[in-house]
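Novice: coordinates for the following, if possible.
(chains A and B)
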Amino acid sequence: MRVAQRIRSKIARGSAELAILALLADQSLYGFEIARSIEEKTEGALRFNLASLYPMLYALEKRGWIKGRWQANRAGRDRRYYSLTPAGKKRLAPLRREWHGFFRALDRLAGVTNA
Amino acid sequence: MLSWEILVRERIGEFGVPPGQREEIVAELAAHMEDLYEEGRERGLAESEAVAQALEQVMDWQSLARRIRRVKRDEGVVNARTRQLWLPSLVSLTLANALLMVMAKLSLEPRMIVSYSMSWYPGGALMLAYLQWLAAQPLTGAAGAYLSYRAGGDRLARLLAGLFPSIVMLGLWCVLIPVSEIVTRHAFVMRHPVYFAVGAMGWVLCPGMALLFGAMPFVAAPKIQES
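Specialist: Below you'll find the model as predicted:
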């Protein structure tokens, strides 16, 4: 049971990392925008609330994959915008490959795409 | 007017990160809540409903504070290499030296020296101190390797942290002593290479093996994944 939970947690964490890095590959966004964009682009399949988003953002920043910088948004309010660092860009490609391989393997096993 | 920063600061409390960093985190979380609130208002929610909706994003502020602290504290104080290698190495070196001091103090009491000097081996008290110290070295090696293991160090970091006291002694014997011989033009070591080799064996090789013995269980263990 605990192992299954750990696997689920790792999958959730890994997918969240990929989602954030992939989103920031195109543009700089602040926390609220990141949460909204992910929710919209995945049609609600992936959702972040404040409590799950920021520890993840800080962890990615700690690893040097993203960098936060305060700047004014369109409404003139200061927001911390995150962008991908060169190390983050480097990390994104293998992360995409890993997930691609994972889904292909899962598909072969469970026929996910035909479900 | 509602101050989101005050609200967040009150709920998240002191969570063990430097004040400047804390204020930045509070400002960022407050900005997010403010955006949620305004989004709710734009959707036609009453003020109290919009506030409640924003607050629903965090069910457990203490848990959030702990998770952020875990990330930020490590970042602010020490980096991974320091946690996984240098701190455990420093601990094992300090422990090895502290044990040597304690053993020497216990074994080189005047009554012990007198008692051993009269026995079959005149240097017995010194030898006793050394052997006691050597016997304690697996503990030192285990401490260094365990601390590195717990910090998520890889096998090499765990091994180096466990063997660090011997690595330092190796540096002394291979670099410092030969260099000092040359600088002071005191050729004792050059003239007595056997003494030098015996010294190196006693202070580098034997303790190294004892340290390795203690460190091995943690060196061989699978790596802990960083959270």
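
Novice: name the residues of the helix or strand B:Lys72 falls within that are buried.
Specialist: Element membership for B:Lys72 (DSSP states H and E) is helix B:61-77. Under the neighbour-count criterion of 16 or more other CB atoms under 10 Å in any protein chain shown, helix B:61-77 has B:61, B:64-65, B:67-72, B:74-75 buried. In short, each C-beta sits where N, CA and C put it, glycine included.

Novice: with stretch A:94-114 instead?
Specialist: Buried residues in stretch A:94-114 (16+ other CB under 10 Å): A:95, A:99.

Novice: can you check stretch B:31-49 too?
Specialist: For stretch B:31-49, by 16+ other CB under 10 Å, it's B:31-37, B:40, B:45.

Novice: can you give me the mean pLDDT across stretch A:91-100?
Specialist: Mean per-residue pLDDT for stretch A:91-100: 87.

Novice: contacts for it next, please.
Specialist: Stretch A:91-100 has contacts (CB atoms under 8 Å, 6 or more residues apart in numbering or on different chains) with A:14-15, A:17-18, A:21-22, A:25, A:65, A:84.

Novice: now do the SS call for B:Val58.
Specialist: coil (DSSP: H, G, I helix; E, B strand; the rest coil).

Novice: burial of it, as a residue count?
Specialist: For B:Val58, the tally of surrounding residues (other CB atoms under 10 Å in any protein chain shown) stands at 22.

Novice: circling back: nearest to B:Pro207 among the buried residues of stretch B:31-49?
Specialist: B:His32 (54.7 Å; CB to CB).

Novice: contacting residues for that closest one?
Specialist: A:31-32, A:35, A:50, A:53-54, B:57.

Novice: try 6 Å this time
Specialist: B:His32 sits next to A:31-32, A:50 when contact means CB atoms under 6 Å, 6 or more residues apart in numbering or on different chains.

Novice: and the angle from the helix or strand where it lies to helix B:61-77?
Specialist: Using DSSP H and E, B:His32 maps to helix B:19-42. Put simply, helix B:19-42 runs at 140 degrees to helix B:61-77, going by axes from the mean of the first three to the mean of the last three CA atoms, to 10 degrees.

Novice: domains of chain B?
Specialist: B:4-77, B:80-220 (automatic domain parsing).

Novice: any idea of the mean pLDDT for the last one?
Specialist: Domain B:80-220 comes out with an average pLDDT of 85.

Novice: how about the residues of chain B near chain A?
Specialist: B:28, B:31-32, B:35, B:57-58, B:64, B:67-68, B:71, B:75 (CB under 6 Å from any CB of the partner chain).

Novice: rewinding a little: just the buried members of the contacts of B:His32?
Specialist: Buried, going by 16+ other CB under 10 Å: A:31-32, A:50, out of those.

Novice: which one of those sits closest to A:Glu43?
Specialist: Checking these one by one against A:Glu43 (CB to CB), the nearest turns out to be A:Phe32, at 18.7 Å.
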